[in-house]
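K.L.:
Show me the folded form of this:
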Amino acid sequence: VSSVAADVAAATAAAKKAGEEAPVAAALQIDDEPCVVMLSATGLIARTTPSAMDVYAARSASDKRAVDDQIRAIFPTTTRSTFALVTSAGRLVLSHAVELPALPASETLSVAGGVKADELIGMTESTEPIDGEHVVAAFAMEPSEEGGTLPPLAIGTRGGVVKRWNREAPTTMDSWQVIDLKDGDEVLAAAPAADDDRIVFVASDASLLTFEAKNVRPQGRTAGGMAGIRLAAGARVLAFAVIPAGKVTWTYEEGENGLASASGAVVFTVAGDAEALPGTENGSAKVTPLEMYPTKGRATGGVRSQRFLKGQNTLIAAYVGAYPLNASTDSGAPVDLPKPDMRRDGSGTDLAAAIAFVG
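P.N.:
Sure, this is the predicted structure:
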């Protein structure tokens, strides 16, 4: 156990004996120093040194990653700051960076030494945990620099609803409902969204809708959001993402053997058969720059993101994020992805294995 972890454990024990709030007492035992919080696609969360942001920005498609290394959220904060987790049931749960395992600086990103984020949402006093809920997002609740302000939080649901929470929050609660969900709906993802950032939905029928976040009026925590994408009958949202305005543009350099390096936001889709059992079909994948897809109005039907071939009638997976992407099977084995395809509605390339995680 690290010295910091030992100090925190001792402080927590002392706080319990004194009847104090353990997280607050523990936080006061260490310096308020810069750190970075990381959440993996497998649901592990930890804090590490600020250098992780540079490592994340410089990552390469050739980097070898383990199953816990697909990063779904990464943000700077400080050791004594509060951050938030959003669950699939629409709850927001406050947590404390000091309580997370502290991982050492590394040349590669890994959350293998972290804890399960779902373990942090089960002991709230203000709201009751909801059966089956799981963590879908993590984000900062306090600016990393003095005097800064944080943008609204965009939330996307399986049913195509979008909300931008204006960050008005109660001061005496450790958790609350941050979106009023309709029966049967669930939150897919959430991320900070400034007005010029890009919101993206990808549905199971391969329709993709993207528009600027300013088209979604910020609302208070009790609101239910508004229509994001108009879904066809039987379709559901597979992916929701917020892409920062400065990360949309696709840039690349060509080498002697083709693409040498590239950066920007990409859309990853996998087509397959709706009748196949989940995890039993590899499917065919396509990676296309988000820049190739036109922006449209909120609450419209979007455009096609992948053309289905014979035997394909649905998307079985989708993801939108920064290039390069890495993918792995459920056991952690890496899966090679096709090179970027500039055709926004082209067909995919057969995968060698079924993908469980991508990031």
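
K.L.:
and stretch 233-241, how far apart are its ends?
P.N.:
Stretch 233-241 stretches 22 Å from its first residue to its last (Cα to Cα, to the nearest Å).

K.L.:
Next one: residue 278 from residue 316, what distance?
P.N.:
Distance, residue 278 to residue 316, using Cβ to Cβ, to the nearest Å: 8 Å. Just so you know, the C-beta spots here come from the backbone N, C-alpha and C atoms, and that holds for glycine as well.

K.L.:
Can you pick out the residue with more neighbours from the two?
P.N.:
Neighbours were counted for residue 278 and for residue 316 using other Cβ atoms under 10 Å; residue 316 has more, 23 against 10.

K.L.:
these two touch, right, the more buried one and residue 271?
P.N.:
Yes: between residue 316 and residue 271 there is a contact under Cβ atoms under 8 Å: 7.1 Å.

K.L.:
Need the overlap of contacts for the two.
P.N.:
Common neighbours of residue 316 and residue 271, counting by Cβ atoms under 8 Å, 6 or more residues apart in numbering, are residue 283.

K.L.:
remind me which residues of this structure are low pLDDT?
P.N.:
The chain contains residues with pLDDT under 70 at 1-29, 60-68, 145-147, 255-260.

K.L.:
Nearest residue to the middle of it?
P.N.:
By Cα atoms, centre = their mean, the chain has its centre lying nearest to residue 72, at 4.0 Å.

K.L.:
so what's that residue up against?
P.N.:
By Cβ under 8 Å, 6+ apart, residue 72 lies in contact with 39, 40, 41, 137, 359.

K.L.:
how about JSON lines for the residues you listed, with neighbour count, distance to residue 212 and secondary structure added?
P.N.:
Formatted as JSON lines, these follow (neighbours: other Cβ atoms under 10 Å; distance: Cβ to Cβ, whole Å; DSSP: H, G, I helix; E, B strand; the rest coil):
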{"residue": "39", "neighbour count": "25", "distance to residue 212": "25", "secondary structure": "strand"}
{"residue": "40", "neighbour count": "26", "distance to residue 212": "29", "secondary structure": "strand"}
{"residue": "41", "neighbour count": "21", "distance to residue 212": "26", "secondary structure": "coil"}
{"residue": "137", "neighbour count": "26", "distance to residue 212": "20", "secondary structure": "strand"}
{"residue": "359", "neighbour count": "21", "distance to residue 212": "24", "secondary structure": "coil"}
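
K.L.:
now, among those, which is nearest to residue 95?
P.N.:
residue 39 (11.1 Å; Cβ to Cβ).

K.L.:
Could I get the full set of strands for the stretch 251-359 of the chain?
P.N.:
Assigned by DSSP state E, counting those that start in this stretch, the stretch 251-359 of the chain shows strands spanning 251-255, 258-272, 284-289, 303-304, 314-323, 327-328, 334-335, 349-350, 357-358.

K.L.:
still on that earlier bit, what two of the contacts of residue 72 have the greatest distance between them?
P.N.:
Greatest spatial distance among these (Cβ to Cβ): 137 and 359, at 13.3 Å.
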